[in-house]
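Colleague: Model the structure of this input:
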Amino acid sequence: MDSLTASTMWMFPRHNQSWVSEFILIGFSSVPTTNSILFIVFLLIYLSSVLGNGLIIMLVCLDIQLHTPMYFFLCTLSLLDMSFVTTTVPQMLVHLLAHSQTISFAGCWLQMFVFGGLGGTECTFFVVMAYDRYVAICYPLRYTVILNWGLCIQLAGGTWICGFFSSLLHTFFTMSLPYCGPNRVNHYFCEGPSVRSLACMDTHTIEMVDSVLSVILVIIPTSLIVASYIHIVMAILKIKSTQGRCKAFSTCASHLTVVTLFYVPASYIYLRPNSSYSSERDKQVSLFYNVFTALLNPVVYSLRNKDIKRAFLKVMGHGPVDS
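Modeller: Numbering: from 1, shown residues only. Model prediction:
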């Protein structure tokens, strides 16, 4: 047992039971041929996700015309997506080819904390992006005054603090449970519900804590996003020009698309009754908000955004250069 694992075990009570020092992540298949195919598929998805999100970050940083609150938030979302998918997929790729699929207790603790922190941050960050669209459409003349750079940084930083604080609580309570065997996690990464199902004691209290955190991170942000878009729709309907209404709706369509792609599967995982828990189904559903969302977000924003296309062409040398 390594020193990091030992120090982690020291932090939590043993409850006079033998302590699991590592977990085995079962993943998707035990057939070598299937694993080889899955490795190629997920490797391509991962590389595409990193490339797409990295490209958006690069374009926003290089193009001065994209130095606005909207693209600052888009750049932050891309950073979140890159980090989110990197927390789980590289390890999954290694396990698809390796004979050993183990992860140390400390490694599982760290992965659960970082994954939960990034997921919680993204949940609350979508509210910030909705607020950005609300200000841009409802108060266009005061947009840069209301969303000044100081407020933008505070909003973005606040979502990171909120996300990782909630993840710290979730991870602490989950990993402080006694794990005396079995240690086979029916998932491709250390997700809270899957790991918690292996605990050697009743987990009702911790499930209640998780339910409260889920309401805070899913229900409340969703309600705020809906409230923002009610005001946005009312403001758009007051626009007399059909072209103006279409343009306003178009600026919100990308955000609504990525919010739906993230919130629907995440809500299914964390808001459903514990009695309906299914490891096999959860593995498949978690791929959508963890892997595929990170892949689709750059596509959604780049295909519908003329500024991103223009910045890309300029970087490639096919567009006008700023004087």
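
Colleague: where does Asp202 land in three-state SS?
Modeller: coil (DSSP: H, G, I helix; E, B strand; the rest coil).

Colleague: For it, the count of nearby residues, please.
Modeller: 9 (other C-beta atoms under 10 Å). C-beta coordinates here come from the backbone N, C-alpha and C atoms, glycine included.

Colleague: And it, its phi and psi?
Modeller: phi -70, psi 130 (degrees, to the nearest 10).

Colleague: Quick one, grab the pLDDT at it.
Modeller: We have a pLDDT of 80 for Asp202.

Colleague: now do Ser7
Modeller: pLDDT recorded at Ser7 is 42.

Colleague: For the stretch 1-150 of the chain, which segments count as strands?
Modeller: If DSSP state E, counting those that start in this stretch is used as the criterion, the strands of the stretch 1-150 of the chain fall at 22-25, 102-104.

Colleague: For the shortest one, which strands pair with it and how are they oriented?
Modeller: Take DSSP bridges as the rule and strand 102-104 pairs in its sheet with strand 22-25 (antiparallel).

Colleague: and the partner strand, what's its mean pLDDT?
Modeller: Averaging pLDDT along strand 22-25 gives 90.

Colleague: how far is it from where the chain is centred?
Modeller: 23 Å (C-alpha atoms, centre = their mean, to the nearest Å).

Colleague: Take it, keep the C-alpha atoms, and write them as PDB.
Modeller: Coordinates of the C-alpha atoms in strand 22-25 are reproduced here as PDB (Å, rounded to 0.1, in the frame of the first residue of the first chain):
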ATOM      1  CA  GLU A  22      -8.000  -0.400  -4.100                       C
ATOM      2  CA  PHE A  23     -11.000  -0.700  -6.300                       C
ATOM      3  CA  ILE A  24     -11.400  -2.600  -9.600                       C
ATOM      4  CA  LEU A  25     -13.200  -0.700 -12.300                       C
END
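
Colleague: what comes up buried for it?
Modeller: Across strand 22-25, burial judged by 16 or more other C-beta atoms under 10 Å covers 22-25.

Colleague: Kindly reformat those as CSV containing distance to Leu62.
Modeller: Output for these, formatted as CSV (distance: C-beta to C-beta, whole Å):
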residue, distance to Leu62
Glu22, 44
Phe23, 42
Ile24, 44
Leu25, 39
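
Colleague: Quickly name whichever of these is closest to His204.
Modeller: For the buried residues of strand 22-25, the minimum distance to His204 (C-beta to C-beta) is 22.2 Å, reached by Phe23.

Colleague: list the contacts for that closest one?
Modeller: Phe23 sits next to 102-103, 105, 108, 183-185, 190, 195, 198 when contact means C-beta atoms under 8 Å, 6 or more residues apart in numbering.

Colleague: that older thread, please name whichever of the strands of the stretch 1-150 of the chain is nearest to Tyr268.
Modeller: strand 22-25 (21.2 Å).

Colleague: how far away is Ser286 from Phe28?
Modeller: Separation of Ser286 from Phe28 (C-beta to C-beta, to the nearest Å): 11 Å.

Colleague: Give me the more crowded residue out of the two.
Modeller: Ser286 (22 against 18).

Colleague: For whichever strand or helix holds that one, what does the pLDDT average out to?
Modeller: According to DSSP states H and E, Ser286 maps onto helix 279-287. If you average the pLDDT over helix 279-287, you get 79.

Colleague: Please report the distance of Phe113 from His170.
Modeller: 8 Å.

Colleague: between those two, which one's more packed in?
Modeller: Per other C-beta under 10 Å, whichever of Phe113 and His170 has more neighbours is His170, with 25 against 20.

Colleague: which residues in this protein form helices?
Modeller: In the chain, the helices defined using DSSP state H lie at 3-11, 32-62, 69-97, 105-138, 143-146, 149-175, 192-196, 204-214, 220-237, 242-271, 279-287, 293-303, 306-315.

Colleague: Among those, show the one with the smallest mean pLDDT.
Modeller: Least confident of these, judged by mean pLDDT, is helix 3-11 with a mean of 43.

Colleague: Neighbours of Phe165, how many?
Modeller: Neighbour tally, Phe165, other C-beta under 10 Å: 13.

Colleague: swap in Ile64?
Modeller: Around Ile64 there are 9 residues (other C-beta under 10 Å).

Colleague: how near is it to Ser167?
Modeller: Counting by C-beta to C-beta, the gap from Ile64 to Ser167 is 35 Å.

Colleague: same deal with Leu74?
Modeller: 23 Å.

Colleague: between these two, who's got more neighbours?
Modeller: Using other C-beta under 10 Å as the criterion, Leu74 and Ser167 rank with Leu74 on top: 27 against 23.

Colleague: shouldn't the more buried one be in contact with Val60?
Modeller: Yes: between Leu74 and Val60 there is a contact at 6.7 Å, judged by C-beta atoms under 8 Å.

Colleague: What about Met316? Give its phi and psi, please.
Modeller: phi -80, psi 0.
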